[in-house]
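Trainee: Sharing a model prediction with you, sequence too.
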Amino acid sequence: MSATSSRRLPKSIPLPSVPFVLLAVLLAALWMAGGASRADVLGQVVVRCVAWLTVIILLLTGPRLPRVWADPVALLLLFAIALPAIQLVPLPPEIWQRLPGRDVFIQAATLSGQAQPWRPLSIVPGATLNALESLIVPVATWLLATNLNDDDQRRLPGMLLCVVIATMLVGLVQFSRIIYDNPFVNDSPGELSGTFANRNHFALFMAIGCLLAPTWGITGERLAYWRLPAVAALLLLLFLTILGSGSRAGLGLGVVALLLGVALSGQRIRKALALYPRWVYPASVAAFAAIIIAFVSLSVMADRAVSINRAFALDPGQDMRTRGLPTVLSMVKTYFPFGSGIGGFDPMFRMHEPFELLAPTYFNHAHNDFLEIVLDAGLPGAILVLAALVWWGRASMSVWTIGLGRAYALPRLGSATIFLVMIASLFDYPARVPLIMAVTVIAGIWLNATAEVTPLPRRGQHL
């Protein structure tokens, strides 16, 4: 044996697979142009074209297609596609006229003397078609993410964290009063929203970063201690960015995310500090909390904590979301159980909007996505949402009460990420934004990985 052959070669780093590269391209496009939900923004063309392109390239490479019927994420996506597709099927006039809430259209056709045409269930079919087309983003994300190998799965939280950091840096540029105009989204000048059109969605994405950072910090066979101060600094910067965004909802989400971040990483860090006295871990957590409180106090004194200022200045009587809620509830009752059509909230609300709510601005969504889904999709939409909540609850119960060890790090991250999106959906519409769509699908795939992890047997049980 020669000296060269006997020399130990360094361990090679596995190259990323084709699905991982395609997913990185898709996430880059979503970061650049996927921060808005409006159908008429240029970003929708970009992200949908890139999503279709990645799907076509993936299919040409011969991907491993998982069993759809055994994957709850795929099933939820399949039914989400079926709902708008069914609503676009033309119905005979005899059936369409019996649907609730169609009286005004029947009267208009009668007064004009025209015969009733075949019409789809959706009252605004163009908006429903746009909603159906938007689902290529989560479908592409699912196809790419389910074809990642183990090495790519370990890289994925770090890649998503890079997207969060890049978005935060854009927000910090806006915070410094530098003019930033994103041609792909309908952003508001002077508002700290990063690459998003809505500062609430930006703040939610920063809160998701508060979950990704601790998970990234504890990944690996051995805990890399240099990552811990980096994670602490990043968490502080993310939370201060949320404060500067002016999002009241984001402020609450940021606090919840920090608490969940401690829960995600605490067990691993506590084990790593087992050689030190017991007081080291709680003292470290207390010191980090004190640093955050100190910086928040400095932000308030410097008049930079816009979220806190807006929280104290909130007048519920002038809040359009509160004032528009009775009208939205009345619309749900009018169109139930078949719904008015997915994606058509804006024109439908204008038709029902009372005179006292008229303003120069318009009410684009119900700002409660659960309620809007029931309005748009009726009983089938409500059943789909309930099924998703039941699956999330059962899977989350498994990973947070039974799961032990590093194998459950990503499933717990997925559970916590979906939890933040669900909270945000109570007063906004984050899951309609392409970038958050993709992150939610990835979180669902992580949470679904619990089916592939077998808990350790209890005492008295046999393998």
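Mentor: Thanks, I have it. Numbers count the residues shown, from 1 in each chain.
Trainee: okay, CA-based contacts and neighbour counts for the rest of this
Mentor: Fine.
Trainee: Can you verify my assumption that A409 contacts W216?
Mentor: No. Between A409 and W216 no contact is recorded; they are 9.6 Å apart, counting by C-alpha atoms under 8 Å.
Trainee: All the strands of the stretch 1-150 of the chain, residue numbers only.
Mentor: Secondary structure of the stretch 1-150 of the chain (DSSP state E, counting those that start in this stretch): strands at 90-91, 119-120.
Trainee: Buried deepest among the ones you listed, which one?
Mentor: Of the strands of the stretch 1-150 of the chain, the one with the most neighbours on average (mean count of other C-alpha atoms under 10 Å) is strand 119-120, at a mean of 18.
Trainee: Figure out which of the strands of the stretch 1-150 of the chain is closest to L23.
Mentor: Relative to L23, the nearest member of the strands of the stretch 1-150 of the chain by C-alpha to C-alpha is strand 119-120, separated by 35.3 Å.
Trainee: Which residue, neighbours along the chain excluded, lies closest to A80?
Mentor: L384 (7.8 Å; C-alpha to C-alpha, 6 or more residues apart in numbering).
Trainee: Could you give the number of residues near that neighbour?
Mentor: Counted by other C-alpha atoms under 10 Å, the residues lying close to L384 total 19.
Trainee: What mean pLDDT does the one helix or strand S265 maps to get?
Mentor: In the assignment (DSSP states H and E), S265 maps to helix 248-272. Averaged across helix 248-272, the pLDDT comes to 84.
Trainee: and if you look at stretch 408-419?
Mentor: Taken as a whole, stretch 408-419 has a mean pLDDT of 92.
Trainee: I'd like the distance from that stretch to the chain centre, please.
Mentor: Here the centre of stretch 408-419 is set off from its chain's centre by 12 Å, with C-alpha atoms, centre = their mean, to the nearest Å.
Trainee: Any buried residues in it, and which?
Mentor: 408-419 (16 or more other C-alpha atoms under 10 Å).
Trainee: which residues are in contact with it?
Mentor: The list of residues contacting stretch 408-419 from outside it, by C-alpha atoms under 8 Å, 6 or more residues apart in numbering, reads 208, 211-212, 215, 260, 264, 392, 395-396, 399-400, 440, 442-450, 453.
Trainee: follow-up on the earlier one: okay, the angle between the helix or strand hosting the residue nearest to A80 and helix 248-272?
Mentor: Remark: L384 resides in helix 369-401, with elements defined by DSSP H and E. What separates the directions of helix 369-401 and helix 248-272 is an angle of 10 degrees, with axes from the mean of the first three to the mean of the last three C-alpha atoms, to 10 degrees.
Trainee: ok so, going back, include mean pLDDT when you put the strands of the stretch 1-150 of the chain into a markdown table, please.
Mentor: As requested, the strands of the stretch 1-150 of the chain are arranged in a markdown table below (pLDDT from 0 to 100):
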| stretch | mean pLDDT |
| --- | --- |
| strand 90-91 | 94 |
| strand 119-120 | 94 |
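Trainee: Nearest approach to P380 belongs to which of the ones you listed?
Mentor: It's strand 119-120; of the strands of the stretch 1-150 of the chain, that one is closest to P380 (C-alpha to C-alpha) at 16.2 Å.
Trainee: in its sheet, what does that closest one sit against?
Mentor: Strand pairing for strand 119-120, using DSSP bridges, gives strand 90-91 (antiparallel).
Trainee: contacts for the partner strand?
Mentor: 118-121.
Trainee: how distant is that strand from the center of its chain?
Mentor: Taking mean C-alpha positions (C-alpha atoms, centre = their mean), strand 90-91 and its chain are 33 Å apart.
Trainee: try stretch 256-273
Mentor: Going by C-alpha atoms, centre = their mean, the spacing between the C-alpha centre of stretch 256-273 and its chain's C-alpha centre is 22 Å.
Trainee: what comes up buried for that stretch?
Mentor: By neighbour count with 16+ other C-alpha under 10 Å, stretch 256-273 contains the buried residues 256-258, 260-266, 268-269, 272.
Trainee: can you list those in TSV and add distance to M348?
Mentor: As requested, these are arranged in TSV below (distance: C-alpha to C-alpha, whole Å):
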residue	distance to M348
V256	34
A257	35
L258	39
L260	38
G261	40
V262	43
A263	43
L264	42
S265	46
G266	48
R268	51
I269	52
A272	56
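Trainee: which one of these sits closest to L135?
Mentor: A257 (27.1 Å).
Trainee: Let me know the secondary structure of the closest residue in space to L379 that isn't next to it in sequence.
Mentor: In this structure, L379 finds its nearest non-sequential neighbour in P337, 4.9 Å apart by C-alpha to C-alpha, 6+ apart. The three-state label for P337, taken from DSSP: H, G, I helix; E, B strand; the rest coil, comes out as coil.
Trainee: Now the strand or helix carrying P326: buried residues?
Mentor: When elements are defined using DSSP H and E, P326 is found to belong to helix 320-335. Buried residues in helix 320-335, counting neighbours by 16+ other C-alpha under 10 Å, are found at 321, 324, 327-328, 331-335.
Trainee: Tell me the pLDDT of G460.
Mentor: Spelled out, the predicted local distance difference test score at G460 is 42.
Trainee: how about the CA coordinates for whichever helix or strand comes after the helix holding S265, as PDB?
Mentor: Moving toward the C-terminus from helix 248-272, the next helix or strand (DSSP H and E) is helix 280-301. Coordinates of the C-alpha atoms in helix 280-301 are reproduced here as PDB (Å, rounded to 0.1, in the frame of the first residue of the first chain):
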ATOM      1  CA  VAL A 280     -26.200  27.700  33.500                       C
ATOM      2  CA  TYR A 281     -29.100  27.000  31.100                       C
ATOM      3  CA  PRO A 282     -31.900  29.000  32.900                       C
ATOM      4  CA  ALA A 283     -29.400  31.800  33.500                       C
ATOM      5  CA  SER A 284     -28.600  31.900  29.800                       C
ATOM      6  CA  VAL A 285     -32.300  32.000  28.900                       C
ATOM      7  CA  ALA A 286     -32.900  34.700  31.400                       C
ATOM      8  CA  ALA A 287     -29.900  36.700  30.200                       C
ATOM      9  CA  PHE A 288     -31.200  36.500  26.600                       C
ATOM     10  CA  ALA A 289     -34.600  37.600  27.700                       C
ATOM     11  CA  ALA A 290     -33.100  40.600  29.500                       C
ATOM     12  CA  ILE A 291     -31.100  41.600  26.500                       C
ATOM     13  CA  ILE A 292     -34.300  41.500  24.300                       C
ATOM     14  CA  ILE A 293     -36.200  43.600  26.900                       C
ATOM     15  CA  ALA A 294     -33.300  46.100  27.100                       C
ATOM     16  CA  PHE A 295     -33.200  46.500  23.300                       C
ATOM     17  CA  VAL A 296     -37.000  46.800  23.000                       C
ATOM     18  CA  SER A 297     -36.900  49.500  25.700                       C
ATOM     19  CA  LEU A 298     -34.200  51.400  23.800                       C
ATOM     20  CA  SER A 299     -36.300  51.100  20.600                       C
ATOM     21  CA  VAL A 300     -39.300  52.500  22.400                       C
ATOM     22  CA  MET A 301     -37.300  55.400  23.800                       C
END
